[in-house]
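Asker: Predicted coordinates and the sequence they were generated for:
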Amino acid sequence: ANARSGQIMFISYGDKQGPLHGMLMSTPYVTKDLLQSKRFQAQSLGTTYAYDFPEMFQQALLKMWGSEMEYPKEPLQCTELVLDSHGQLVHMNRIPGGNEVGMVAWKMNLKTPEYPEGRDIVVICNDITFKIGSFGPEEDLLFLRASQLARAEGIPRIYIAANSGARIGLAE
């Protein structure tokens, strides 16, 4: 149970944290149907579903390392970057597809043969399944805050674009 709120949370034991680690027990379990429908929607538009990119990074890292005996225990560590109610960036573990805006950002640590201790990067991408990945005020703010984090920490920022442009007339 969370000491402050008294609510029961999922806690992973051992070295590897599962996708529900740190989430409330009442968090609904996302079935593959939801994710598969979002993947299908993205593929129908000729692109990749935003939440599939961390797994693609993981597979690329494993391929770089070669044999299973060589690569580190966790070649990729990934935390989603989300805006809080004050427009500030916070690190959050949440279920894929839980985004409330058409932009998704992560801070990743990649362990490569060149950087076996790990190297941080920020990855930002549009979610084509949310209002066709269009830019509105919230997406713009998430892009800005994640970019500011990368600059402040002196780490690379990768932007993966899959969008339909701006939602004109929404800024007030």
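Answerer: Perfect, I can see it now.
Asker: Give me the buried stretch members for the helix or strand harbouring residue 140, please.
Answerer: Applying DSSP states H and E as the criterion places residue 140 in helix 137-153. Within helix 137-153, the residues that qualify as buried are 139, 141, 142, 143, 145, 146, 149, 150, counting by 16 or more other Cβ atoms under 10 Å. Where C-beta positions appear, they are placed from N, C-alpha and C, glycine not excepted.
Asker: what residue ranges in this structure score low on pLDDT?
Answerer: Along the chain, the parts satisfying pLDDT under 70 run over 1-3, 29-32, 68-69, 164-172.
Asker: hey, where'd the helices end up in it?
Answerer: Using DSSP state H, the helices assigned to the chain run over residues 32-44, 53-65, 137-153.
Asker: Remind me what the last one packs against, helices and strands.
Answerer: The one in question is helix 137-153. strand 76-83, strand 89-92, strand 103-110, strand 119-126, strand 157-160 (3 or more Cβ pairs under 8 Å, 6 or more residues apart in numbering; DSSP states H and E).
Asker: Going by neighbour count, list what's buried in the second one.
Answerer: Of the residues in strand 89-92, those with enough neighbours to count as buried (16+ other Cβ under 10 Å) are residue 89.
Asker: The first one now?
Answerer: Neighbour-count burial for strand 76-83, with 16+ other Cβ under 10 Å as criterion, is recorded at 76, 78, 79, 80, 81, 82, 83.
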